[in-house]
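S.K.: Sequence unavailable; structure follows:
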């Protein structure tokens, strides 16, 4: 992923919050319940929407942008979509940023 594109993506506080929550969903969503354990498929989009406090379309746009940037992965289960953080890509972005800032 291009670092500049990643930084544009992370400039949005809602997208940053979602990525942070998905890093540790058991803690971030401890007051919420869903059918499957978070480790299985990730967090249901409806829980993310509820926690972020945005409309469904606005939440979907944030999640789509994160998915297009490969920062999250999605799994469709029935009519529901679940999201997990793509930690490998997040780490690559962080490493690229560290490298650029330490030059």
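M.R.: That came through fine. A quick note: this is a predicted structure, and the numbers were derived from the prediction, not measured.

S.K.: what element comes up after the lowest-mean-pLDDT helix or strand in the chain heading to the C-terminus?
M.R.: When each helix and strand of the chain is scored by mean pLDDT, DSSP states H and E, helix 3-10 comes last, with a mean of 90. Downstream of helix 3-10, the first helix or strand assigned by DSSP states H and E is helix 13-23.

S.K.: So for this structure, which residue is the most central one in space?
M.R.: For the chain, the residue nearest the mean C-alpha position is residue 19 (3.8 Å; C-alpha atoms, centre = their mean).

S.K.: what pLDDT does that one get?
M.R.: For residue 19, the model assigns a pLDDT of 97.

S.K.: That one contacts residue 66, doesn't it?
M.R.: Yes: proximity of residue 19 to residue 66 meets the contact threshold set by C-beta atoms under 8 Å, at 6.9 Å. For every residue, glycine as well, the C-beta is placed using N, CA and C.

S.K.: Mutual contacts of these two, please.
M.R.: Shared contacts of residue 19 and residue 66, defined by C-beta atoms under 8 Å, 6 or more residues apart in numbering, comprise residue 72.

S.K.: returning to what we had before: show me what contacts the residue nearest to the centre of the chain?
M.R.: Applying C-beta under 8 Å, 6+ apart, the residues near residue 19 are 10, 66, 71-72, 85, 90.

S.K.: Closest one of the residues you listed to residue 1?
M.R.: residue 71 (8.0 Å; C-beta to C-beta).

S.K.: got the contact list for that closest one?
M.R.: 6, 9, 19, 85-86, 89-90, 93.

S.K.: please redo it, this time with the cut-off set to 6 Å
M.R.: 86, 89 (C-beta atoms under 6 Å, 6 or more residues apart in numbering).
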